[in-house]
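Peer 1: Here is the input, now give the coordinates:
(chains A, B, C and D)
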Number of protein chains: 2
Amino acid sequence: MGDLREEIREKIENKQFNCEKELTLSIISGKWKIVIIYQLGIDGPLRFNAIQRLFPRISHKVLSNQLRELEEDGIVNRQVYHEVVPIQVEYSLTPLGETLLPIVLMMYDWGKKRMEDLKV
Amino acid sequence: MGDLREEIREKIENKQFNCEKELTLSIISGKWKIVIIYQLGIDGPLRFNAIQRLFPRISHKVLSNQLRELEEDGIVNRQVYHEVVPIQVEYSLTPLGETLLPIVLMMYDWGKKRMEDLKV
DNA sequence: TCGTAAGGTTACCGCCAGATAACCACATAA
DNA sequence: TTATGTGGTTATCTGGCGGTAACCTTACGA
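Peer 2: Residues are numbered from 1 along each chain as shown, chains lettered A, B, ... in the order given. Predicted coordinates:
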């Protein structure tokens, strides 16, 4: 069970999930995670500051946090380019992360349709 | 915009969502919402205590809360049977709620598969 | 040598979801 | 008259997420 946050691993071991769905939810829950997954899925690899420019309202610390958690859960890949100066870090979806994309896309479509219905 | 919680309505009006996906996420976020949606989708209408029996760890208050929020968001239908004694209340998915089911099912499948992969 | 850009970490603080537990009304059965 | 089963509400408390802001290292350019 390497590719999971401590927190989630504990929940699994202590059987604190009532259902497997909650594993999924706990991985994508987080104020910015699904938008990050979506952007990485659509735009491909993005650098830290590129993501921040896309979502100006996300704070530095929180973005850093969300990305680390996604990385720990095996959803996002973190590629560091030491040779470049200043150092560059590129984030992309792992193969596992890409399997999450259809869910995020469905959530996008659902939310979009619902939003339209509400505005009529 | 009747079928939405005050809280969510405000977020829409003040454009605090960065993307429509977040509307979806904010509707299904909540420790027990997706399992409730799932059970109502699979088992059909369920009474308050029936749900509680399915998930003994959910507290009375929280279940009541989650159901009310789902109702306010137009996902769950609340049917009261006054003629029966003691009073009976039946919860079921609304048509809108059923459109959410595919997403929940995908989350279920994803979580299940991920869980299996982890246990190998 | 000061500013700026890269990508972080750390400290502190406030708020709210969820946990816990007690309370309500109503009616039936023991 | 007490207990049990409906389906709730209310009060209080706490952990943790996210917000804000400061700090760090490396290196280029003015």
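Peer 1: if you go through chain A in chain order, where are the helices?
Peer 2: Assigned by DSSP state H, the helices in chain A fall at A:6-13, A:21-28, A:33-43, A:48-54, A:60-72, A:95-119.
Peer 1: could you dump those helices to JSON lines with mean pLDDT and mean neighbour count?
Peer 2: Heads up, the C-betas are built off the backbone N, CA and C, glycines and all. Shown next, in JSON lines, are the helices of chain A (pLDDT from 0 to 100; neighbours: other C-beta atoms under 10 Å in any protein chain shown):
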{"stretch": "helix A:6-13", "mean pLDDT": "91", "mean neighbour count": "14"}
{"stretch": "helix A:21-28", "mean pLDDT": "91", "mean neighbour count": "23"}
{"stretch": "helix A:33-43", "mean pLDDT": "95", "mean neighbour count": "20"}
{"stretch": "helix A:48-54", "mean pLDDT": "94", "mean neighbour count": "14"}
{"stretch": "helix A:60-72", "mean pLDDT": "96", "mean neighbour count": "16"}
{"stretch": "helix A:95-119", "mean pLDDT": "95", "mean neighbour count": "17"}
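Peer 1: And those helices: which comes nearest residue B:67?
Peer 2: Among the helices of chain A, helix A:21-28 comes nearest to residue B:67, with 17.6 Å by C-beta to C-beta.
Peer 1: Show me what that closest one is packed up against.
Peer 2: Contact analysis of helix A:21-28 by 3 or more C-beta pairs under 8 Å, 6 or more residues apart in numbering or on different chains; DSSP states H and E lists helix A:6-13, helix A:33-43, helix A:95-119, helix B:33-43, helix B:95-119 as its packing neighbours.
Peer 1: do the fourth one and chain A meet?
Peer 2: Yes. If you take C-beta under 8 Å from any C-beta of the partner chain as the test, helix B:33-43 does meet chain A, through B:34-35, B:38.
Peer 1: For chain A, what lies in contact range of DNA strand C?
Peer 2: Within chain A, the residues that sit near DNA strand C (C-beta under 7 Å from any atom of the strand) are A:47-49, A:60-61, A:64-65, A:67-68, A:78, A:86-89.
Peer 1: Report pLDDT for the residue of chain A positioned farthest from its centre.
Peer 2: Distance from the centre of chain A peaks at residue A:120, with 31.7 Å (C-alpha atoms, centre = their mean). For residue A:120, the model assigns a pLDDT of 77.
Peer 1: Might you report the residue contacts of it?
Peer 2: With contacts taken as C-beta atoms under 8 Å, 6 or more residues apart in numbering or on different chains, residue A:120 has no neighbouring residues.
Peer 1: Output the helices and strands packed on helix A:21-28 in a markdown table, with distance to residue A:19 appended to each entry.
Peer 2: What follows is the helices and strands packed on helix A:21-28, written out as a markdown table (distance: least, C-beta to C-beta, whole Å):
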| stretch | distance to residue A:19 |
| --- | --- |
| helix A:6-13 | 12 |
| helix A:33-43 | 20 |
| helix A:95-119 | 16 |
| helix B:33-43 | 5 |
| helix B:95-119 | 7 |
